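Novice: what would the 3D arrangement of this be:
(2 chains)
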Protein chains: 2
Amino acid sequence: MKLYSFFNSSASYRVRIALALKGIDYQTVGVNIRIGQQNAQAYRRMNPTGLVPTLVTDDGEALGQSLAIIDWLDRHFPQSRLLPDSDPARSRILEIVYAIACDIHPVNNLRVLRYLSEELNISDEAKKRWYAHWIQQGLTAVEQLLQESQSESYCVGNTPTLADCCLIPQWANALRMECDLSAYPRCKAVYDACTQLPAFIAAAPENQQDKLSA
Amino acid sequence: MKLYSFFNSSASYRVRIALALKGIDYQTVGVNIRIGQQNAQAYRRMNPTGLVPTLVTDDGEALGQSLAIIDWLDRHFPQSRLLPDSDPARSRILEIVYAIACDIHPVNNLRVLRYLSEELNISDEAKKRWYAHWIQQGLTAVEQLLQESQSESYCVGNTPTLADCCLIPQWANALRMECDLSAYPRCKAVYDACTQLPAFIAAAPENQQDKLSA
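Specialist: Numbering: from 1, shown residues only, chains lettered A, B, ... in the order given. Here you go, the predicted structure:
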């Protein structure tokens, strides 16, 4: 199995966590999105969105979209299930997942930030406020959803789930962008607990072979 | 069952299609997001994201996020399944779903367009280019995914699925914003076929009781 991904892409990071939690062997193929490698014809043929990551299975099937990939992994490698079949856990997990994957991440994605600079001539300072604004809107909601779930080390329940696969990369991104995260103690507790686990450590951007120095 | 929603919100529209395809009775409670009703304390208590829609089940459970709601509906009302259990259909459907729900819709959401105008003083013309840019990026990918799926009237297979629940509202939005959609004949064919069906007609914005005249 091959994962076409970028070390610092949070969608790639989600899938790496899922792979590591399930103990699945795979090969990383670095796609440097900073210099546009995702737009190469060969990559676009595999993944018409031109986004990372793409999983290529041992049968040669190419699958895009981090959440679709994790759904596939969770069905084909049922050890360490990331999304249980039944409620209330399933609905709570999905509500958190989409609050991150739909409401926060896409608006603060690299290509959107680049459009703000390059097409709209937005200053770096205004771009930073943009980033912080969507983080604040989104994490305020996630913090409340976590309070309702009354879990401790994880978003929901006593084991890592799809919600943790999404929250940890988003939090790491917000830390990198130097956002004020003091208003989200439950999110921070989950981040602190998860990032102690070997699977999350193995999946972290700084431990990827395609890591760039700058 | 109650659906708190806005007639012209495409996330609400997705859920209305799912409800109609399954023939589920429900009550609509209009939340006018143009005047900020989603920020009222009572609504935020049910849905901390302050976004529409929210489904309140007959047990009084409130669930946010259109895709989480449809997942719940598909498990509790298994007639007219919207997401099959197995591949290749399931993976193909999810790839299309997320290409719309993560890559197109959030970036062109009302709150984002408002931030562009109100916080960044972006002109209406530049905002229109922003909208059209993400539509073009996203639908180019969806068009190719549809070509690969080789279906006719629907995104994947011979019955409406979750992918159609997402594509139809997104296409309707792009039409409303007067985008050039001539490059996406497969998407158009799906839109034309689906919008002939009673369930899609019942779910359309113009047929909602909370429809505003302006």
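Novice: tally of neighbours for the nearest residue to A:Thr57 once chain neighbours are set aside?
Specialist: Distances taken as Cβ to Cβ, 6 or more residues apart in numbering or on different chains put A:Met1 closest to A:Thr57, at 5.9 Å, once the chain neighbours are dropped. Backbone N, C-alpha and C define where each C-beta goes, glycine included. A:Met1 is flanked by 15 other residues according to other Cβ atoms under 10 Å in any protein chain shown.
Novice: so A:Met1 touches A:Asp58, yeah?
Specialist: Yes: with contact defined as Cβ atoms under 8 Å, A:Met1 counts as touching A:Asp58 (5.8 Å).
Novice: next helix or strand past the helix or strand containing A:Arg45?
Specialist: When elements are assigned from DSSP states H and E, A:Arg45 belongs to helix A:41-46. Later in the chain than helix A:41-46, the nearest helix or strand by DSSP H and E is strand A:54-56.
Novice: locate the residue of chain A with the greatest distance from its centre.
Specialist: Ranking residues of chain A by C-alpha distance from their mean position (Cα atoms, centre = their mean) puts A:Asn121 at the top, at 27.8 Å.
Novice: where's that one relative to A:Gln208, distance?
Specialist: Per Cβ to Cβ, to the nearest Å, A:Asn121 is found 33 Å from A:Gln208.
Novice: ok, A:Ala163 next?
Specialist: 22 Å.
Novice: the more surrounded of the two?
Specialist: Neighbour count, other Cβ under 10 Å: between A:Ala163 and A:Gln208, A:Ala163 has more, with 30 against 19.
Novice: what about that one, is that helix, strand or coil?
Specialist: At A:Ala163 the chain is in helix, as set by DSSP: H, G, I helix; E, B strand; the rest coil.
Novice: does it really touch A:Val156, like I thought?
Specialist: Yes: under the criterion of Cβ under 8 Å, A:Ala163 makes contact with A:Val156 at 5.7 Å.
Novice: overlap in contacts of these two?
Specialist: Shared contacts of A:Ala163 and A:Val156 (Cβ atoms under 8 Å, 6 or more residues apart in numbering or on different chains): A:Arg92, A:Ile93, A:Ile96.
Novice: helix or strand: which one has the last one?
Specialist: Pointing back at A:Ile96 there. helix A:89-101.
Novice: and the contacts of the helix holding A:Arg45?
Specialist: The contact list for helix A:41-46 (Cβ under 8 Å, 6+ apart) reads A:Tyr4, A:Val31, A:Gln37, A:Gln38, A:Gly50, A:Thr54, A:Val56, A:Ala62, A:Gly64.
Novice: just to revisit the earlier point, which one of the shared contacts of A:Ala163 and A:Val156 is nearest B:Ile24?
Specialist: Nearest to B:Ile24 among the shared contacts of A:Ala163 and A:Val156 is A:Arg92, at 21.8 Å by Cβ to Cβ.
Novice: pull the contacting residues for that closest one.
Specialist: Neighbouring residues of A:Arg92 by Cβ under 8 Å, 6+ apart: A:Leu145, A:Glu148, A:Ser149, A:Val156, A:Ala163.
Novice: neighbours of A:Tyr26, how many?
Specialist: Residues near A:Tyr26, counting by other Cβ under 10 Å, number 18.
Novice: residues touching it, list them.
Specialist: Contacts of A:Tyr26 by Cβ under 8 Å, 6+ apart are A:Met1, A:Lys2, A:Leu3, A:Leu19.
Novice: wasn't the third one part of a helix?
Specialist: No: secondary structure assignment (three-state DSSP) places A:Leu3 in strand, not in a helix.
Novice: quick check: the gap between the residue lying closest to A:Pro198 once chain neighbours are set aside and A:Ser9.
Specialist: Counting by Cβ to Cβ, 6+ apart, A:Pro198 lies nearest to A:Ala20, which is 7.5 Å off, once chain neighbours are set aside. Distance from A:Ala20 to A:Ser9, counting by Cβ to Cβ: 16 Å.
Novice: what's the domain layout of chain A?
Specialist: In terms of domains, chain A is parsed into A:2-81, A:89-199 (source: automatic domain parsing).
Novice: which residues of chain A score low on pLDDT?
Specialist: A:214 (pLDDT under 70).
Novice: in the helix holding A:Arg45, what's buried?
Specialist: Under the neighbour-count criterion of 16 or more other Cβ atoms under 10 Å in any protein chain shown, helix A:41-46 has A:Tyr43, A:Met46 buried.
Novice: chain center to that helix, what's the gap?
Specialist: From the chain centre to the centre of helix A:41-46 is a distance of 22 Å (Cα atoms, centre = their mean, to the nearest Å).
Novice: report how many residues lie close to A:Pro100.
Specialist: Small correction: residue A:100 is Ile, not Pro. 25.
Novice: before we move on, the earlier item: most widely separated two among the contacts of A:Tyr26?
Specialist: Farthest pair in the contacts of A:Tyr26, by Cβ to Cβ: A:Lys2 and A:Leu19, 11.2 Å.
Novice: quick one: which of these two has more around it?
Specialist: Using other Cβ under 10 Å as the criterion, A:Lys2 and A:Leu19 rank with A:Leu19 on top: 24 against 16.
Novice: which secondary structure element contains the more buried one?
Specialist: Element membership for A:Leu19 (DSSP H and E) is helix A:10-21.
Novice: number of residues surrounding A:Leu197?
Specialist: 18.
Novice: wait, it sits on A:Asp164?
Specialist: No: counting by Cβ under 8 Å, A:Leu197 stays clear of A:Asp164, with 9.4 Å between them.
Novice: is it true that A:Ser151 touches A:Gly157?
Specialist: Yes: between A:Ser151 and A:Gly157 there is a contact under Cβ under 8 Å: 5.8 Å.
Novice: these two: which has the busier surroundings?
Specialist: Neighbours per residue, other Cβ under 10 Å: of A:Ser151 and A:Gly157, the larger number sits with A:Ser151, 22 against 17.
Novice: helix, strand or coil for that one?
Specialist: Look at A:Ser151: counting by three-state DSSP, its state is coil.
Novice: which residues touch it?
Specialist: Taking Cβ under 8 Å, 6+ apart, we find A:Ser151 in contact with A:Gly157, A:Asn158.
Novice: and A:Ser123, how far from chain B?
Specialist: 10 Å (Cβ to the nearest Cβ, to the nearest Å).
Novice: go on, A:Gln38?
Specialist: According to Cβ to the nearest Cβ, A:Gln38 and chain B sit 12 Å apart.
Novice: which one is that residue nearest to, not counting chain neighbours?
Specialist: A:Gly50 (4.9 Å).
Novice: my read: that neighbour touches A:Asn39, true?
Specialist: Yes: the criterion here is Cβ under 8 Å, and A:Gly50 meets it with A:Asn39 at 5.5 Å.
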